[in-house]
Structures are given as structure tokens and as C-alpha cells.
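Engineer: Quick one, fold the following:
(chains A and B, ligands or ions: 7)
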Amino acid sequence: MVDFARVQKELADCNRDMAISGVSIMLHGNGNDLSHLSGTITGPLATPYEGGTFQIDIRLPEGYPFEPPKMQFVTKVWHPNISSQNGAICLDILKDQWSPALTLKTALLSLQALLSAPEPDDPQDAVVAQQYLRDYQTFMGTARYWTETFAKRSSIGTEEKVQKLL
Amino acid sequence: MEVFLSSDEEDYYYYSDRDDALEGLDVEEDSYCQPKSVASCQVITKESLLIAQREELHRVMDLLKLSEQHARTLLIYHRWDAEKLIAVLVEKGKDQLFAEAGVSMVEQKVDFSLQSSSTIMCNICMDDIPAKEVTTMDCGHCFCNNCWTEHFIVKIHDGQSRRIRCMAHKCNAICDEAVVRNLVSARHPDLAEKFERFLLESYIEDNRKVKWCPRVPHCGNAIRVVDDKFCEVECACGLQFCFSCSSEAHSPCSCMMWELWTKKCKDESETVNWMTVNTKPCPKCYKPVEKNGGCNLVSCICGQPFCWLCGGATGRDHTWSTISGHSCGRYKEDHEEKSECAKRDLYRYMHYHNRYKAHTDSFKLETKLKETIEIKISILESRESTLKDFTWLTNGLNRLFRSRRVLSYSYPFAYYMFGEDLFWGEMSKEDRELKQNLFEDQQQQLEANVERLSKFIEEPFESYAEEKVMEIRMQVINLSVVVDKLCKKMYECIENDLLGSHQSTIHNIAPYQSKGIEKASELSPCWISKADDSDAFLQSVSNIQGGTTEPGWPSSSPNLNGNGCSSRKRARKALGDGLFDLNLPA
Ligand SMILES: [Zn+2]
Ligand SMILES: [Zn+2]
Ligand SMILES: [Zn+2]
Ligand SMILES: [Zn+2]
Ligand SMILES: [Zn+2]
Ligand SMILES: [Zn+2]
Ligand SMILES: [Zn+2]
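Structural biologist: Ligands and ions are numbered 1, 2, ... in the order given. The predicted model follows:
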């Protein structure tokens, strides 16, 4: 059983300072399922993701918080540790380094940090990682272009676009 | 007297005219089965598992003045290799040894449970919890009992019982096993039992020197080796296996060769290969048609002629280079080479496989010989005769079994040693031919002598006159010696002349054991006797562990002192030797 009391506290806590932190969490698609959430992070400054708003699909497994939440980018993003195909994320705290003492907010903040500091040696998307390592200029250009195209419209528009692309 | 070997082998063949060399050959060869002072492998049964584990635990507990659970954490981290653990201790010091493995020892923990009136905020469930319902781990992190329990259950279900880490982010500390035991058993007694078993079986499963016996269905035993991981052992249940890869004993084949060989033997592709080399489907009726003769125009029994090379239907008129009304361009021999190649590979495999199989089959037949020989011996014993001792016969039979084994596994070895799969690029053609000749000479000698030994042992000598029996006795004794030497020589040749030093690190081959595969001995009796009250022992330990919050060796326990005293002394002595060794110049 998901610890819903905790999830509710987490939501309240996270959204209290969303203006400062740049991350927020809502129930998915205006539903009332506390185990299916939707996170939002703003692209960090001085990165090709600056100015973008990125949506993350969050699903809480039965054992949450003793098992890690499942997170996936809904907004398409060009980044070595995020699949350009399906938004899957390679981040240790979402896998074996998860600790029940972490929260959805800390996980989203880690994703934001990942946008600032890619780890191309442990890639999720080999193509992007290759480009990042061999042709940084092109990588920056593509990442910026993807941010412009996918992360700067209303979230609904983005989702439609993504549906088309997938 | 017959001479069996060419003159250059005479130096180690007939000893009959040198009585001193024969002296002692009648002695029971199987005496090695008796318990030796230093056994190189031991069998660990369900009953002795706890005891075996305690040996290692006590060594570390005594050396570092640790509680059992901290010793276990260290040992699990180092895969039960106390020597390695000590090396890390010497090299990096105690603090790092502990930190790496996740053993944390806080000087004084804040014990929240004493402040019974207050509440504490649990960072996991984010609730205020009465102080008596929280637990602080050795690392100092404190969460509520509910959350701890939930965490433990998830980890045990995940199969991570042996290393359940603290819930705090980036805390490497391993949770106190007594806390796990107590909290989990309160909610989920079955799972607590599982946890206990996982801890115990860690000694087998996380241990480089211990392996489960691979018998199916499982005999419940595990085998512990002293130092050589590349050896062949015999479990108390009678199964002989390669300790390194847990499949049947296969020396002088290396584990890698054996794995490839078994896969190859199972592989249907060999037969598929044969089919593609030797038959083609008719383009009209699809029946497989075999090619006979060199001509590439073949005819199906349905009457349809077709081109062997492309499989296309053709007319009947043809020359060596054309078929009327057909021009696939391949007719002129260009495929021939490829299929010849596949054919050659197949024949090569069949050559080795046939011999391998012939010897394995003989081995199976000869196993039945054992009973026949026993009958023969009892007949001979009942006769009025000066010949009373028949150990030469049982020894000869055992020698036959062992050398037959060596012989049969020498074929897959040769298949890979001189084939394309493993060493093709590493030897020149000349080098390979030289080595192959060397090996095959030895193999043939061994083969010839094994067959002779087999022939003599199978003779119906129980009805022979005594003089004739004595002659056979001499032959069997002599051949046993020769065959043993030839086996030994073959292993030496493989190690020194064929594999060479750098390849032998990949192709570890269990050493030749003249006396056969060693039977694992039981754990020494003084330990076994203590196994009787092992449950009580475990119970007492868990009581101590559960009852004390003090890290360190629970020296006040009368139970441990009474029960484990001698063992601890023994362990200390052994450890002392180990430490001493470390200080010796390398
Ligand atoms: Zn809690
Ligand atoms: Zn901790
Ligand atoms: Zn067994
Ligand atoms: Zn093996
Ligand atoms: Zn046909
Ligand atoms: Zn013809
Ligand atoms: Zn053709």
C-alpha cells in the first residue's frame, strides 16, 4: 500500500515553495489517483534547457516510499541521461540508490540538477551521449532547439505533439 | 613376456625384474579415503552449516573484538574471505575496513526511548511518533519502528537480506540484524525465518570457497575447499564435480572448453549443418535430396532434376560446366569450397566426438565390472591358493576407471586445443602441428595401455590356474603403474607444453589426482558434536544480540564462554598464524 498520508504531505510541502524551487507536483490529469502524479520542473538557468518547462510523469509503486517512484519525462528533451525516444531517465536515486528518506521533491530537484550537469559516461541515450562528447556545439544547438520546440508551449500542446511523435 | 611399448618408453614400463619397485603396490590404494590431518575439501551439511560459519565469525570477532553481527557484516562484504579482510585491515586500517563494509559504531547513541514522554518526527512517514516506538541504528539514524519494518520487509523480499542498508539517504551502514529480526518477526514471523536462513546461507552463497553440491535433486550439502578453487571434489552424496564450474568433473578439459563442448554436443545445429551439407530440398516436391557423386546436377525421386548449387529446377542435359536452360552462374564450383569447409568442420567434430563417446560408453560398461570383479575375488579367495591378497585387482579397476575418464575428456580438450574456436590465432600452423603430434602420441599410448588394462581385468581368470593368475596380476600391476604415469604426463604436457603460462590463467585445469577425485571429509568431529545444540546456541546468540545495545563482543555471556571457548582458542591460534604470515617477506 502506498503511504498516501505521506504523499499528501509531500504534495503540500513541495508546492508551498514552488516559486523558489522551480519544481511542483500535481495529480495526473486532474484525476484523484494519488499514485499517479505529474511533476513539473523549470529548465535551469545558463543551460540549453533555460526557459523551458518540463513535465514528468510520476507513478508510485505499491511499496512507496520504500520503493522508488517511477519517473519519466513527458516533455521531449535532448539530454545524454534521458531517452530522446521515450523520456526514460537514468538516475541512480531512482534505482538502487533510492532511500525512503528521499521525497518526490528531492527527486525532481535531482532531475533539475541532472539537466544542469549531464553524466555522459552513464548514458540513457547513446546517440545523445556520443554527440555530447564528440560535438558539443551541435549538442547544445539540438538541446536548445528541442527546448524551444517542445518545452515552451502549453503543456497540453506539448503532449499532443509528443503523441504525434511517438 | 610381451613388450607393450616401443623401446623408448621401457624406462618406466616393466618393473617386474626390479622387485623393490613393486614393493608396496599391493597396499590398499584407497587408504586416502581415511580422514587426513589436512583435508583439502570438506562437506558442509545442513547440520554443520552453522558450525562452519561460526569458525569464520569467531576468528573475526576475536581479532577485532566485535559482536557477531558486525563480524558477519564484514565477512559478507568480503565474501567470507577472512584473509582478505585481514589484508584490508593491515593495509587500510580499521576505520576504513568498517566504513567500506557498512559497520558503524557510534560511541554513544542518543537513546530516544528513554525520553518516554516526548515524540519524535519520523522523516519517512512524516508523522510524530512516541519515543518508545522509534529505533536508532548504530549509524545514529532514527526512524519509527513501522517504517523500519516496512523497509526490512521490502529488502528481504528483494533478496537483499544480507546487506540491508540504513534508510537514510547515502548512509552506507548495514542495519543491526537483531533489530531486523525483532521488528520483522513481530509482524511477519515467516519472513523473519527467511531472513535467518538467508543470513546462514550467505556463508555458502557469498563464499568463494564454498559451493552447493550440484546434485539434482539437491542433497542439501555444500563443499568447502581449503585453497585450490580449481579442483574436482566428491560430495558425501557421491557426486563428483568440478568445483570451479559445478558441472561434472571434466579435467583435463578446462571449464571453458567443457562448456563449449557440452553446448556443441547439445546443439542441433550440427545435424542441421549435416543436412545443409548433404541434402537439398527438391524445388518441386520439397523432399530432401542427397547428392551423390561429384556432378552438381541432381535428380529427385519425383523425377525433377535441379541444380545442387542454387536449388533451382533445371533441364536434364548438362556438361561439367553448364546445364541446359539454366545459368545461375554458381554451377562452376564457387560454392563447393564453403560446403567443403562445413563438411570438414563436421567431420572433425565427429572424429573427436566419436572417441569421446566411445570412452564414456566404455566407462559406463566398466562400472558394472565392479560387481563382476567382487564375485571373481570371492571365488579366488575360496580357492586353496597362496594368493590371498587381491588389492592389486581393485586397485587396477580403480586405475582403469580414472584413466578412462581422463582419456574421454582428453578428446574435447584436443578438439578445442587444436581447433579454430580458441587458439587458432595464437599458434603458427607448424607450432600447432608439432603440439598436436606431441599430444596425440601421448593420447595414443594412454589409450593403448588403458585398453590392455581393461582386457586383463575382464579376463575370466577366476577359472585360471594359479600360475596364470599370477601372470595376470603382474600385468595388471604393471599396467596400472604405466597408465598412472601416462595420465600424469598428459596433464603435465597440457600445462607446460600446450597451454603455456598465459593461457593457463584462462584455462584452469584441475590438477591430476593419481588417487582419484578427493572425497570431501566431514567437518571435524569436535565441531560436529557441538552442532547438536546449535539451535540453542543460535538462540542464545540472538538473545544476547537482541538484549544489548552495546556494540562489541558480549563477553559476559556464560553460554558463549561455556560452549565456544575451545573453538575460540583454536580460532585465535589459526588467526595468529595468518597474521604472522602477512608479516613475512613475500
Ligand atoms: Zn515512520
Ligand atoms: Zn544510517
Ligand atoms: Zn551432494
Ligand atoms: Zn569446470
Ligand atoms: Zn521431388
Ligand atoms: Zn552429370
Ligand atoms: Zn544453379
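Engineer: Surely A:Thr40 is within a strand?
Structural biologist: Yes - under DSSP: H, G, I helix; E, B strand; the rest coil, A:Thr40 falls within a strand.
Engineer: Strands of chain A, start to end?
Structural biologist: Assigned by DSSP state E, chain A shows strands spanning A:23-27, A:36-42, A:53-59, A:70-73.
Engineer: which helices and strands does the last one pack with?
Structural biologist: Based on contacts counted as 3 or more C-beta pairs under 8 Å, 6 or more residues apart in numbering or on different chains; DSSP states H and E, the elements that strand A:70-73 packs against are strand A:53-59. Yep, even glycine has a C-beta here, placed from its N, CA and C like the rest.
Engineer: Equivalent analysis for the third one, please.
Structural biologist: For strand A:53-59, the helices and strands in contact under the criterion 3+ C-beta pairs under 8 Å, 6+ apart are strand A:36-42, strand A:70-73, helix A:104-116, helix A:155-165.
Engineer: Neighbouring strands of that strand in the sheet, and parallel or not?
Structural biologist: strand A:36-42 (antiparallel), strand A:70-73 (antiparallel) (DSSP bridges).
Engineer: quick one: contacts of it?
Structural biologist: A:25, A:28, A:35-43, A:69-75, A:77, A:87, A:104, A:108, A:111, A:115, A:151-152, A:155, A:158-159 (C-beta atoms under 8 Å, 6 or more residues apart in numbering or on different chains).
Engineer: now do stretch B:253-270
Structural biologist: Counting by C-beta under 8 Å, 6+ apart, B:242, B:244-245, B:247, B:250, B:346, B:349, B:353, B:409-410, B:412-413, B:415-417, B:421-422, B:506-509 sit against stretch B:253-270.
Engineer: And B:Phe423, what's its pLDDT?
Structural biologist: At B:Phe423, the model reports a pLDDT of 81.
Engineer: And the lowest mean pLDDT element among the helices and strands of the chain?
Structural biologist: Let's take chain A. Of all helical and strand segments in chain A, the minimum by mean pLDDT, DSSP states H and E falls on helix A:155-165, at a mean of 55.
Engineer: can you pull the contacts of the residue nearest to B:Glu459 when sequence neighbours are not counted?
Structural biologist: Setting aside the residues directly before and after it, B:Glu459 is nearest to B:Ile472 in space (C-beta to C-beta, 6 or more residues apart in numbering or on different chains), at 6.3 Å. B:Ile472 makes contact with B:456, B:459, B:461, B:464, according to C-beta under 8 Å, 6+ apart.
Engineer: near ligand 3, which residues of chain B show up?
Structural biologist: B:213, B:215, B:219, B:221, B:235, B:237, B:239 (C-beta under 5 Å from the ion).
Engineer: For those residues, which two are the farthest from each other?
Structural biologist: B:Asn221 and B:Leu239 (9.1 Å; C-beta to C-beta).
Engineer: overlap in contacts of the two?
Structural biologist: Joint contacts of B:Asn221 and B:Leu239 (C-beta under 8 Å, 6+ apart) are B:Cys213.
Engineer: quick one: which of these two has more around it?
Structural biologist: B:Asn221 (20 against 17; other C-beta atoms under 10 Å in any protein chain shown).
Engineer: check contacts around the spatially closest residue to that one that is not a sequence neighbour.
Structural biologist: Nearest non-adjacent residue to B:Asn221, counting by C-beta to C-beta, 6+ apart: B:Cys213, 4.6 Å away. Neighbouring residues of B:Cys213 by C-beta under 8 Å, 6+ apart: B:43, B:219, B:221-223, B:235, B:237, B:239, B:241.
Engineer: repeat for A:Ser35
Structural biologist: A:2, A:7, A:59-60, A:64.
Engineer: go with 7 Å
Structural biologist: Counting by C-beta atoms under 7 Å, 6 or more residues apart in numbering or on different chains, A:Ser35 makes contact with A:2, A:59-60.
Engineer: ok, of the residues you listed, which one's closest to ligand 1?
Structural biologist: Checking the contacts of A:Ser35 against ligand 1 by C-beta to the ion gives A:Val2 as the nearest, at 14.4 Å.
Engineer: buried ones in stretch A:119-127?
Structural biologist: Across stretch A:119-127, burial judged by 16 or more other C-beta atoms under 10 Å in any protein chain shown covers A:120, A:123-125.
Engineer: List of residues touching that stretch?
Structural biologist: Contacts for stretch A:119-127 (C-beta under 7 Å, 6+ apart): A:80-84, A:88-90, A:129, A:132-133.
Engineer: Quick one: end-to-end length of that stretch, please.
Structural biologist: 14 Å (C-alpha to C-alpha, to the nearest Å).
Engineer: Could you check how many residues crowd around A:Lys152?
Structural biologist: 14.
Engineer: can you count the residues close to the spatially closest residue to it that is not a sequence neighbour?
Structural biologist: Spatially, and ignoring its direct neighbours in sequence, A:Lys152 is nearest to A:Gly52 (5.9 Å; C-beta to C-beta, 6+ apart). Counted with other C-beta under 10 Å, the neighbours of A:Gly52 add up to 25.
Engineer: how distant is the top helix by length along chain A from the center of its chain?
Structural biologist: Longest helix in chain A by number of residues (criterion: DSSP state H): helix A:136-150. Chain-centre distance of helix A:136-150: 17 Å, with C-alpha atoms, centre = their mean, to the nearest Å.
Engineer: for stretch B:390-403, same thing?
Structural biologist: 25 Å.
Engineer: Please report the distance of the residue nearest to B:Glu459 from B:Leu446.
Structural biologist: For B:Ile472, the distance to B:Leu446 equals 21 Å [C-beta to C-beta, to the nearest Å].
Engineer: what's the answer for B:Arg473, then?
Structural biologist: 22 Å.
Engineer: Tell me which of these two has more neighbours.
Structural biologist: Set B:Arg473 next to B:Leu446 and count neighbours by other C-beta under 10 Å: B:Leu446 wins out with 22 against 19.
Engineer: quick one: contacts for B:Pro511?
Structural biologist: B:231, B:491.
Engineer: Could you rerun that using 6 Å?
Structural biologist: Listed by C-beta atoms under 6 Å, 6 or more residues apart in numbering or on different chains, the contact set of B:Pro511 is empty.
Engineer: Confirm it sits in a strand?
Structural biologist: No - going by three-state DSSP, the assignment for B:Pro511 is coil, not a strand.
Engineer: can you map out the helices along the stretch 51-200 of chain B?
Structural biologist: Using DSSP state H, counting those that start in this stretch, the helices of the stretch 51-200 of chain B run over B:68-77, B:82-92, B:94-101, B:145-157, B:177-187, B:189-205.
Engineer: Many thanks, I have nothing further to ask.
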